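Q: Quick check, what structure comes out for this input:
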Amino acid sequence: MATSMRRTETAEHSAPPVVRRMWLWAAAHAVDDFYQGLVPASVPYFVLERHYSYVAASGLTLAATLGSALPQPLIGIAVDRLRLPRLAAAGVLLAGAGFALSGTAGSYAVVWVLLLLSGLGVAMFHPAAGKAAREAAGDSVTGMSVFAAGGSVGFFLAPVLATPALVAWGAGGTVVFLPPAVLVAFVLARNVRRARDGAVPAPDGPALWRPFAVLTAISVVRSAVFAAVATFIGLYWIRHLDGSQAMAGTALACFLGGGVAGTVLGGRLADRIGLVRTVRLGAVLVTPALAGLRLAPGPLLPLPFAVLVGLTLNVPFAVLVRLGQDYLPGRPGTAAGVTLGLSVSAGGLLTPVFGLAADAHGAQAVFTLLCFVPAVAYLLGLFLTPPPERLT
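A: This next block holds a predicted model:
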């Protein structure tokens, strides 16, 4: 009992330094995912300026998605075996350079390849940064939630900052977004030795592939709901709630902003009630939030529910990353590559299924269907088991 109390006191005293150490990785994650969010935000400007078809426009998003999704598990394996301490810095730089140059390219094929390379940069960052962030966070789930929240912040800022730049300079305005990638890459490369000195040894033990597979399925379900809401919430506000375009943008901002808060809240909850319970709780709470969003009338009353949907949907986000690394204790890069990369992209690939429902019955049909999807995540969560205590 005394030993347990001493461990608790030690964790409490060490928590603030851990969280402070995470801010660098959170900022880097924000910049990396900023470029991921810039791709869909910039596609309309390519269409208007260069007269791309809708098929060609969707091809640009597909290029970035393929580049970021498919390589991540393989990159994660390489990170676990070879360490590659500067890969995260190289990934941010490639993500930024690929996107920045895409607007200056003339032919569609070159634009497509540059966005594919930008996605590859995102894929290079996540496993390496996820492993380094876990080492910096140690046993603190709150620390990992700060890292994960950085990605949510970056994705949130992308459309906010892209719109004025691309309105002013057109597709060629993508070049103004290169400096953050250069700066963050430089800082990460310089920080390699300091991060290594402050790292907490990774826990040891056998890989638990069965619960990790269940966890991956939950992550896909969560990301499918996230992608569907992000894609259709604006259309829902305009075409079903009779809101203005400004209100539609506000609804998206409320959803994404709630996601940032939910990511941090999920880490704090997991430190108190446990990882598995937090995953299940998020699946339970998001259903009434979605129902409220679907049933509230008018363009104003559903806005608080948009915040709640983003918050509850992201409560398990950082927890899924951390839990995946606990299930694969010797493979933190692989676990991060799957939970941060492959699962999120796979969930996005399910969005066309909801698009078929929207074409047939309107955007409101998407949110009706979404009220039932989290039940799948909850049922899968019943098969999760807490990871065993590991020796560090």
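Q: drop to CA atoms for contacts and neighbour counts, all remaining ones
A: Will do.
Q: residues contacting residue 244?
A: Shown in contact with residue 244 (C-alpha atoms under 8 Å, 6 or more residues apart in numbering): 237, 238.
Q: Which pLDDT does the model give it?
A: Confidence at residue 244, expressed as pLDDT, is 85.
Q: Over to residue 288?
A: So, for residue 288, pLDDT stands at 97.
Q: For it, which non-adjacent residue is closest in space?
A: residue 371 (7.8 Å; C-alpha to C-alpha, 6 or more residues apart in numbering).
Q: And that neighbour, its phi and psi?
A: Note on residue 371: its backbone torsions stand at phi -60, psi -20 [degrees, to the nearest 10].
Q: which residues does it contact?
A: 287, 288, 290, 291.
Q: again, only using 10 Å
A: 225, 286, 287, 288, 289, 290, 291, 292, 293, 294 (C-alpha atoms under 10 Å, 6 or more residues apart in numbering).
Q: Distance-wise, check it relative to residue 290.
A: Counting by C-alpha to C-alpha, to the nearest Å, the gap from residue 371 to residue 290 is 6 Å.
Q: quick one on the thing from earlier: max pairwise distance over the contacts of residue 371: which two?
A: The largest distance within the contacts of residue 371, taken as C-alpha to C-alpha, falls between 225 and 292 and amounts to 15.4 Å.
Q: Mind checking which of these two has more residues around it?
A: residue 225 (25 against 20; other C-alpha atoms under 10 Å).
Q: if you skip the residues just before and after it, what's nearest to the more buried one?
A: residue 370 (6.6 Å).
Q: ok, back up a step: any chance of the contacts of residue 371 in a markdown table, plus secondary structure?
A: A markdown table is the format used below for the contacts of residue 371 (DSSP: H, G, I helix; E, B strand; the rest coil):
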| residue | secondary structure |
| --- | --- |
| 225 | helix |
| 286 | helix |
| 287 | helix |
| 288 | helix |
| 289 | helix |
| 290 | helix |
| 291 | helix |
| 292 | helix |
| 293 | helix |
| 294 | helix |
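Q: Would you show me how to pick out the buried ones of those in ChimeraX?
A: Per 16 or more other C-alpha atoms under 10 Å, the buried members of the contacts of residue 371 correspond to this ChimeraX selection:
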select :225,286,287,289,290,291,292,293,294
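Q: I'd like the contacts of residue 371 laid out as CSV, including distance to residue 325.
A: Shown next, in CSV, are these (distance: C-alpha to C-alpha, whole Å):
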residue, distance to residue 325
225, 23
286, 24
287, 27
288, 30
289, 29
290, 29
291, 33
292, 34
293, 34
294, 35
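Q: Sort out which residues of the helix or strand harbouring residue 185 are buried, please.
A: Element membership for residue 185 (DSSP states H and E) is helix 178-190. Buried residues in helix 178-190, counted by 16+ other C-alpha under 10 Å: 178, 180, 181, 182, 184, 185, 188.
Q: again with stretch 275-288
A: 275-287.
Q: Among these, find me the one that's closest to residue 211.
A: residue 276 (11.0 Å).
Q: okay but the closest one is in contact with residue 327, surely?
A: No: in this structure residue 276 lies outside contact range of residue 327 using C-alpha atoms under 10 Å: 11.9 Å.
Q: Residue 137 is in contact with residue 267, correct?
A: No: shown here, residue 267 and residue 137 do not form a contact pair, counting by C-alpha under 10 Å, at 11.4 Å.
Q: Need the overlap of contacts for those two.
A: Common neighbours of residue 267 and residue 137, using C-alpha under 10 Å, 6+ apart, are 143, 144, 145, 146.
Q: Quick check on the residues you listed: which are buried?
A: Buried among the shared contacts of residue 267 and residue 137 (16+ other C-alpha under 10 Å): 143, 144, 145, 146.
Q: roughly how far apart are the first one and residue 59?
A: As defined by C-alpha to C-alpha, residue 143 lies at a distance of 36 Å from residue 59.
Q: just so I have it, where are all the helices in the stretch 251-392 of the chain?
A: Per DSSP state H, counting those that start in this stretch, the stretch 251-392 of the chain carries helices over the ranges 275-295, 303-314, 317-327, 332-336, 343-349, 351-361, 363-370, 374-381.
Q: The second one vs helix 275-295, what angle?
A: Between helix 303-314 and helix 275-295, the angle comes out at 150 degrees (axes from the mean of the first three to the mean of the last three C-alpha atoms, to 10 degrees).
Q: how distant is helix 303-314 from the center of its chain?
A: 16 Å (C-alpha atoms, centre = their mean, to the nearest Å).
Q: Put the alpha carbons of it into CSV.
A: What follows is helix 303-314, C-alpha atoms only, in CSV (Å, rounded to 0.1, in the frame of the first residue of the first chain):
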residue,chain,number,x,y,z
LEU,A,303,-24.4,24.1,-32.5
PRO,A,304,-23.8,22.9,-28.9
PHE,A,305,-24.4,19.4,-30.0
ALA,A,306,-21.8,19.8,-32.7
VAL,A,307,-19.3,20.7,-30.0
LEU,A,308,-20.4,17.7,-28.0
VAL,A,309,-20.1,15.3,-30.9
GLY,A,310,-16.6,16.4,-31.5
LEU,A,311,-15.7,16.2,-27.8
THR,A,312,-17.2,12.7,-27.2
LEU,A,313,-16.0,11.3,-30.5
ASN,A,314,-12.4,12.3,-29.7
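Q: Output the contacting helices and strands for that helix.
A: helix 141-169, helix 209-235, helix 245-273, helix 275-295 (3 or more C-alpha pairs under 10 Å, 6 or more residues apart in numbering; DSSP states H and E).
Q: Same check on the longest one?
A: With contacts defined as 3+ C-alpha pairs under 10 Å, 6+ apart, the packing partners of helix 275-295 are helix 209-235, helix 245-273, helix 303-314, helix 317-327, helix 363-370, helix 374-381.
Q: can you do 6 Å?
A: Counting contacts by 3 or more C-alpha pairs under 6 Å, 6 or more residues apart in numbering; DSSP states H and E, helix 275-295 packs against helix 303-314, helix 374-381.
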